[in-house]
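K.L.:
Just a sequence and a predicted model for now, questions to come.
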Amino acid sequence: MKIQTDLGVIDISADVFTTISGWAANNCFGVKGMAIRSMSDGFVYLLRRDSLSKGVKVNAIEDDAVNIELHIAVDHGVNIPAVSRSIISEVRYVVEKLTGVRVARVDVCVDSIMADA
């Protein structure tokens, strides 16, 4: 995404948005971690902390804004709508604060509910 300023152009890669979004979502209460669904076996896998961006999809849209889609696993027993609202609010705030780019939409996909081992 390119941002035009008075001093020039700033080019922010999609990796920046995915990393920030994954980090912000993972720090919310009730989130076990970012998740990814395997195409080969259909199972949902919890991603390690160093792979947070794999559970995030970012699309640039017109008006210099982005849409963010997060795939997460939550703790067993949490209120999923409340956790989702918290994630949406936190991701929107952190991404806009750190990049200056407006977040038009944040979609949270709960792919798995995980109990503590």
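P.N.:
Here it is on my side, so go on.
K.L.:
For this structure, which element, helix or strand, carries the lowest mean pLDDT?
P.N.:
Least confident element among the helices and strands of the chain, by mean pLDDT, DSSP states H and E: strand 44-46 (a mean of 68).
K.L.:
Show the subsequent helix or strand relative to that strand.
P.N.:
Under the assignment DSSP states H and E, the closest C-terminal helix or strand after strand 44-46 is strand 56-61.
K.L.:
Give me the contacts around that following strand.
P.N.:
1, 14, 17-18, 21-22, 25, 34, 66-71, 104 (CB atoms under 8 Å, 6 or more residues apart in numbering). Glycine gets a C-beta too; all of them are placed from N, C-alpha and C.
K.L.:
In this structure residue 92 contacts residue 103, no?
P.N.:
Yes: judged on CB atoms under 8 Å, residue 92 makes contact with residue 103 at a distance of 4.5 Å.
K.L.:
What segments of the chain are helices?
P.N.:
Applying DSSP state H to the chain gives helices spanning 14-26, 80-99.
K.L.:
Can you tell me which of those is packed in deepest?
P.N.:
Mean neighbour count (mean count of other CB atoms under 10 Å) peaks for helix 14-26 among the helices of the chain, with a mean of 20.
K.L.:
can you list contacts of stretch 17-30?
P.N.:
Everything outside stretch 17-30 that qualifies as a contact, by CB under 8 Å, 6+ apart, is 1, 31, 33-34, 49, 52-58, 66, 68, 70, 72, 74-75, 78-79, 82-83, 86-87, 90-91, 93-95, 98-99, 101, 108.
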